[in-house]
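# Here's my sequence, what's the structure:
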Amino acid sequence: MKPTHVLSATLLFTALAAGAQTQAPGLWEHAFTVKSAGGEMERAMAEMKKQMDAMPPEQRQQVEQMMASRGVKMGTQGGSGKVCLSKEQAARPAEPKVPEGCTQQVDQRSARTVKFHFECTKPSVSRGDGQMTYLSEKAYTGTMNITGEVSGKPQQMSMDMTGKWLGADCGDVKPAASSAR
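Next up, the predicted model:
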């Protein structure tokens with residue numbers, strides 16, 4: 001599982017999170033940290049950062065600006081992304097968008113907690129279980145345990161996620177695609 005796939009998985013499950021509980025409309029920040037049993041994921045993310053740092057300044061600035069324009073920040077152990085949730089999206093039931101090659105299932109749901117399971121065959125094979133806990137309509141926490149492959153070797157990873165509402169004004173961040181709420 002590449003670092004970019006971890007970000008994709010995180011966004012997938014924040015979409016699932018959004019569908020499970022009423023959320024306030026406006027700007028949200030979704031953040032995650034990743035820990036892998038053998039450290040491969042952390043090394044891969046550090047290598048990605050090293051490659052960015054080695055880019056010519058103009059190219060690195062373009063990549064950083066492109067990521068920032070999408071509200072994405074990446075570090076050596078995780079990252080974050082900003083998402084705008086419109087009033088219309090917040091008012092209707094969610095329709096989580098599952099990437100091609102992935103399936104997800106809600107195993108248990110209570111007033112504040114959702115437990116789920118997922119499996120993906122593309123872009124790489126991975127599976128796992130997770131739990132999202134809603135602290136309020138303006139904050140959640142979550143964890144996932146993932147089994148996947150890094151450089152062709154089995155890898156166990158854990159991911160901690162948080163979501164927090166930043167405010168009603170989304171600024172330059174456009175509302176999320178309506179089917180991905």
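
# Quick check: longest strand in the chain by residues?
For the chain, the strand reaching the highest residue count under DSSP state E is reported as strand 153-167.

# Now do the strands in this structure.
So, for the chain - with DSSP E - the strands run 26-36, 72-74, 78-85, 102-109, 113-120, 126-136, 139-150, 153-167.

# Turn the ones you listed into JSON lines, including distance to P57 and mean pLDDT.
Placement of C-beta: from N, CA and C, glycine included. As requested, the strands of the chain are arranged in JSON lines below (distance: least, C-beta to C-beta, whole Å; pLDDT from 0 to 100):
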{"stretch": "strand 26-36", "distance to P57": "27", "mean pLDDT": "85"}
{"stretch": "strand 72-74", "distance to P57": "18", "mean pLDDT": "62"}
{"stretch": "strand 78-85", "distance to P57": "22", "mean pLDDT": "80"}
{"stretch": "strand 102-109", "distance to P57": "37", "mean pLDDT": "86"}
{"stretch": "strand 113-120", "distance to P57": "36", "mean pLDDT": "87"}
{"stretch": "strand 126-136", "distance to P57": "35", "mean pLDDT": "88"}
{"stretch": "strand 139-150", "distance to P57": "30", "mean pLDDT": "85"}
{"stretch": "strand 153-167", "distance to P57": "30", "mean pLDDT": "88"}
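
# Those: which one's closest to A44?
Closest of the strands of the chain to A44 is strand 139-150, at 6.4 Å (criterion: C-beta to C-beta).

# elements contacting the closest one?
Judged by 3 or more C-beta pairs under 8 Å, 6 or more residues apart in numbering; DSSP states H and E, strand 139-150 is in contact with helix 3-20, helix 40-54, strand 126-136, strand 153-167.

# now the third one against strand 113-120, angle please.
Put plainly, it is strand 126-136. Using axes from the mean of the first three to the mean of the last three C-alpha atoms, to 10 degrees, the inter-axis angle of strand 126-136 relative to strand 113-120 is 160 degrees.

# Report the buried residues of strand 126-136.
Within strand 126-136, the residues scored as buried using 16 or more other C-beta atoms under 10 Å are 126, 128, 130-134.
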